[in-house]
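**Student:** Give me a 3D structure for the following:
(2 chains)
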Amino acid sequence: MNVVVCIKQVPGTTEVKINNETNTLVREGVESIINPFDTYAVEEGVRLKERFGGKVTILTMGPPQADVALKDCIEVGADEGILVSDRAFAGSDTLATSYVLSKAIEKIGDYDLVISGKQTMDGDTGQVGPGIAQRLGIPFVAYVSRVDDISDGKMKAERMVDEGHEIVEAPVPCVMSVSKEINVPRLPSLRGKMKAKSAQFTVWSAADLGIEENKVGVAGSPTFVMQIFSPKRERQSEMLEGDSAKQVSALYDKLSEMKVI
Amino acid sequence: MDLEYFLDEQQKMIKEIARNITEERIKPARAELDEKEEFPREIIKEIAQADLFRVFIPEEYEGFGAKCLDSCLAIEELSRGCCGISITYAASMLGTLPMILFGNDEQKQKYFPKIASGEHLAAFGLTESGAGSDAGAIKMLATRDGDDYVINGTKQFISNGGEAEIYTIIVLTNPQKGVRGASAFVVEKDTPGFTFGKKEKKMGIRASATSELVYHNCRVPKENLIGKEGTGFIATLKTLDGSRPGVAAQGVGLGQGALEEAVAYARQRVQFGQPVSSFQAVQHMIADMATQVEAARLLLYGCARTIDAGATNYTEEGAMAKLFATDMAMKVTTDAVQVFGGAGYCRDYPVEKMMRDAKILQIYEGTNQVIRNDIISHVYKRKAMRP
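**Tutor:** Numbering: from 1, shown residues only, chains lettered A, B, ... in the order given. Next up is the predicted model:
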């Protein structure tokens, strides 16, 4: 069971600042952390390795400093890390990013499962996981909350949907995104920290992956951010008068009028 | 300027890992575990997964070198969160020590890897109803019968009792010789004739398991003898020498935890229109607490480094560290409750639990009265001189 886990570094803050001219995130002066949703993906990868054998490879696209995130993953049980880094990638949107990551996964070659977090904390789109699956031409299973079994070329898992849970079966290799219900990520171990201290990571550039330059960076990213703003929360309230029977009846009329019942 | 403790890289890692467990797992769970007197299985699993049980095991047996200061750092950081949890870790170390010191290679091969991985906890059984501070008064017997020994009697107040897989106990193989007839044995859980008596209901460290070990014609092979017949009492003394710095580390961690709570509360509690931290009465109290914690820590680290440097006789130093750090913990936790005032007396805040937990540190692994006896005999022997 060789697992590739895709992770992203995000600003480690809840007070995200936006550059109003470029409409992109201000990253200067903000400590980077692994996207919290991705930590569940790393943990699941390590658990699957412990159950079925094999190895866990962490894949991330980002600036050279992103190797810190790879070290963090080694501390909690991952085996190796690959950093995909090139100036040409700067400004890539989810379409371009999933293209780059899929090329990297193709180059890794020997994999049974690709795992990602359900979405990132900064972009919040949840598009890169399915994007990778589409490019690789393999199935995508979203919001997995439990992996029951992987055998005979099939994965059986439980995924979360709005109405409850679904039990699904997918051929492997496949891509899955995990929800935070799937596990509790472990804390770093002493052996992990020692391994991370001396860990060396493979770095792949655009040329290493045979990337078509017009498909990455700002030029290869059709997403255009027009404006970023915090939505205003608006609440309307109305007090109903009279005894409870009268209030219930008035409430019923209002809800019927709003077509919610 | 931060005080520099000159820790090596491994020690810094151990400290960081244990601190992480305290912040992420122990602090959110400690109040409920205390309230329900629940054994912290999940947290022990996390401590095991983080390789902390490997710290007190020698390298040849899948450990990280069994350095005294390394173990003390782990215990200190865990105790900053909860002594009821750190005792389970420290008692496993205590139960392993007789074998580290006197066990043969076969015993170490057989038991250490699983203690290192945390799959098995260990425990140490010395105290009996008639033998506490007077450890030489133990009565439990192991009688040789062919290639076996048959063990009978009851051990009392045993930390990790019922939870541990591996028990090292001190019993008499030759009662005529008194303590010179004492021997150490390792007994595995589930050995026929070995059961557990009542689980104690304690004032503090309530997340830990403390129970009686009951042996009724419990038969163990002669391979379970640790060292030789008659070396049990020496093994006991050396084991306690090795474990007392660990109790001191509990005191330092607990004192540190209480100090942090007191400072945080004093800064946000407003009386007479200002935070109570601005009153000199509170400031002096906290200054004393901080000084006491630091003094205990430096005494402990000095002692642990002496041991790691290869000292062969460190009874006095270990005893001093245990005495000072645990009396400090009692004082500092009591003062922390005082800084909190009425709120500190209530279970909504962690300091009342810390005060209850502190008391046992002055009692177990040698009451602080017996500890003073150890110290004075050494002070007189060396005529109070230091090189």
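
**Student:** backbone phi and psi for B:Thr210, please?
**Tutor:** When read as degrees, to the nearest 10, the backbone of B:Thr210 gives phi -130, psi 120.

**Student:** what residues are up against B:Gly204?
**Tutor:** B:Cys83, B:Gly84, B:Lys353, B:Arg356, B:Asp357, B:Ala358, B:Lys359, B:Ile360 (Cβ atoms under 8 Å, 6 or more residues apart in numbering or on different chains). (C-beta placed from N, C-alpha, C; glycine too.)

**Student:** want to throw the residues you listed into JSON lines with secondary structure and distance to B:Ile375?
**Tutor:** Converted to JSON lines, the contacts of B:Gly204 look like this (DSSP: H, G, I helix; E, B strand; the rest coil; distance: Cβ to Cβ, whole Å):
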{"residue": "B:Cys83", "secondary structure": "helix", "distance to B:Ile375": "23"}
{"residue": "B:Gly84", "secondary structure": "helix", "distance to B:Ile375": "28"}
{"residue": "B:Lys353", "secondary structure": "helix", "distance to B:Ile375": "30"}
{"residue": "B:Arg356", "secondary structure": "helix", "distance to B:Ile375": "27"}
{"residue": "B:Asp357", "secondary structure": "helix", "distance to B:Ile375": "24"}
{"residue": "B:Ala358", "secondary structure": "helix", "distance to B:Ile375": "20"}
{"residue": "B:Lys359", "secondary structure": "helix", "distance to B:Ile375": "21"}
{"residue": "B:Ile360", "secondary structure": "helix", "distance to B:Ile375": "20"}
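
**Student:** and the residue of the stretch 51-200 of chain A found nearest chain B, how many neighbours does it have?
**Tutor:** Residue nearest to chain B within the stretch 51-200 of chain A: A:Leu190 (3.8 Å; Cβ to the nearest Cβ). Counted with other Cβ atoms under 10 Å in any protein chain shown, the neighbours of A:Leu190 add up to 22.

**Student:** can you pull the contacts of it?
**Tutor:** Counting by Cβ under 8 Å, 6+ apart, A:Leu190 makes contact with B:Gln10, B:Met13, B:Ile14, B:Ile17, B:Ala50, B:Asp51, B:Leu52, B:Arg54, B:Val55, B:Phe64.

**Student:** Now do the helices in chain B.
**Tutor:** B:9-21, B:27-36, B:41-49, B:68-81, B:83-102, B:105-117, B:232-268, B:280-308, B:315-340, B:351-361, B:368-381 (DSSP state H).

**Student:** okay, the ones you listed in TSV with distance to chain A next?
**Tutor:** Output for the helices of chain B, formatted as TSV (distance: least, Cβ to the nearest Cβ, whole Å):
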stretch	distance to chain A
helix B:9-21	5
helix B:27-36	12
helix B:41-49	6
helix B:68-81	9
helix B:83-102	14
helix B:105-117	11
helix B:232-268	17
helix B:280-308	17
helix B:315-340	24
helix B:351-361	23
helix B:368-381	32
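
**Student:** Run through the chain and note the low-pLDDT ranges.
**Tutor:** Because you didn't say which chain, this covers chain A. A:14-16, A:24-25, A:27 (pLDDT under 70).

**Student:** that's the wrong chain, I wanted chain B
**Tutor:** Residues of chain B that meet the cut-off, pLDDT under 70, sit at B:1-2.

**Student:** Tell me who's in contact with the closest residue to chain A within it.
**Tutor:** Residue of chain B nearest chain A, by Cβ to the nearest Cβ: B:Asp51 (3.8 Å). Counting by Cβ under 8 Å, 6+ apart, B:Asp51 touches A:Ser189, A:Leu190, A:Arg191, A:Gly192, B:Ile17, B:Phe64.

**Student:** at 6 Å what do you get?
**Tutor:** Counting by Cβ atoms under 6 Å, 6 or more residues apart in numbering or on different chains, B:Asp51 touches A:Ser189, A:Leu190, A:Arg191.

**Student:** Going by distance to A:Gln227, which of the residues you listed wins?
**Tutor:** Of all those, A:Gln227 sits closest to A:Ser189, with 45.1 Å by Cβ to Cβ.

**Student:** how about stretch A:144-157: buried residues?
**Tutor:** A:Val144, A:Ser145, A:Arg146, A:Val147, A:Ile150, A:Met155, A:Ala157 (16 or more other Cβ atoms under 10 Å in any protein chain shown).

**Student:** Likewise for stretch A:198-207?
**Tutor:** A:Ala199, A:Phe201, A:Thr202, A:Trp204, A:Ala206.

**Student:** looking at it, the last one is touching A:Ala88, isn't it?
**Tutor:** Yes - in terms of Cβ atoms under 6 Å, A:Ala206 counts as a neighbour of A:Ala88; the distance is 4.7 Å.

**Student:** List the residues that contact A:Arg235.
**Tutor:** A:Arg235 makes contact with no residue, according to Cβ under 6 Å, 6+ apart.

**Student:** May I have the phi/psi pair for it?
**Tutor:** phi -130, psi 140.

**Student:** before we move on, back to that, take the buried residues of stretch A:144-157 and keep only those in strands.
**Tutor:** Among these, the members found in strands (DSSP state E) are A:Val144, A:Ser145, A:Arg146, A:Val147, A:Ile150, A:Met155, A:Ala157.
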